[in-house]
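Peer 1: coordinates only, sequence not included:
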């Protein structure tokens, strides 16, 4: 809309690109809005909830809300597209100074889940979590009770707690497995415990040998 004189032509040569971009914007072509890390992250975790139980779902949400969001928001990173590999590694390093390797791994898996879904939804081109340094989970070796400690625990305990300790010490049952036992799960005649759990869902059961002494203790309690 300007006169084609030398002054205007010189100005156009210098500013043509900026003018063109302004004209394009005026024609109604809008820039795509970035995706909120918080909103998209929660949506992904809720959308995949059927793959985990209630407690695991709460843990997954906790990892996201308590360990992922606070860090990136503190760094003024609010959009999924702005999270790159280097920032993920800085976050990971900070977490490793404060949390166990197991917790950091679970938090990282949560962020990776979100990134994978973002790739599938064409929001980002790649999962930057998978490009970051891997974590080696360090487990603390558990030292079992000595024979003397077991004897002392049994001697100093009484009632149902004593029966519980006798049961787990003599069979190796986990705490949850022992607490979940029913009388029908114990075969006193053949001397074993029928362990029902994840295996039972697949039509399988596990038999745990029951010592003669353990049978006597359990039978005496059952009579009471």
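Peer 2: Yep, that arrived. Since this is a predicted model, take the numbers as computed values, not measurements.
Peer 1: ranges for the helices of the protein?
Peer 2: Remark: helices assigned in the chain by DSSP state H are 6-26, 37-47, 54-63, 69-74, 85-98, 101-120, 147-156, 159-171, 175-179, 198-201, 212-223.
Peer 1: which one, of the ones you listed, ends up nearest to residue 140?
Peer 2: The stretch from the helices of the chain with the least distance to residue 140 (C-beta to C-beta) is helix 101-120; that distance is 9.9 Å. In short, each C-beta sits where N, CA and C put it, glycine included.
Peer 1: just checking the distance from that closest one to the centre of its chain.
Peer 2: For helix 101-120, the gap between its own C-alpha mean and the chain's C-alpha mean amounts to 8 Å (C-alpha atoms, centre = their mean, to the nearest Å).
Peer 1: picking that back up, turn the helices of the chain into a markdown table, including distance to residue 141.
Peer 2: Listed next are those as a markdown table, based on distance: least, C-beta to C-beta, whole Å:
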| stretch | distance to residue 141 |
| --- | --- |
| helix 6-26 | 63 |
| helix 37-47 | 33 |
| helix 54-63 | 24 |
| helix 69-74 | 31 |
| helix 85-98 | 20 |
| helix 101-120 | 14 |
| helix 147-156 | 17 |
| helix 159-171 | 20 |
| helix 175-179 | 19 |
| helix 198-201 | 25 |
| helix 212-223 | 28 |
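Peer 1: got TSV for these, with mean neighbour count and mean pLDDT too?
Peer 2: Shown next, in TSV, are the helices of the chain (neighbours: other C-beta atoms under 10 Å; pLDDT from 0 to 100):
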stretch	mean neighbour count	mean pLDDT
helix 6-26	10	78
helix 37-47	17	97
helix 54-63	14	93
helix 69-74	14	96
helix 85-98	15	95
helix 101-120	18	96
helix 147-156	11	90
helix 159-171	15	88
helix 175-179	13	84
helix 198-201	10	52
helix 212-223	13	80
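Peer 1: between those, which gets nearest to residue 135?
Peer 2: In terms of C-beta to C-beta, the element of those nearest to residue 135 is helix 101-120, at 5.1 Å.
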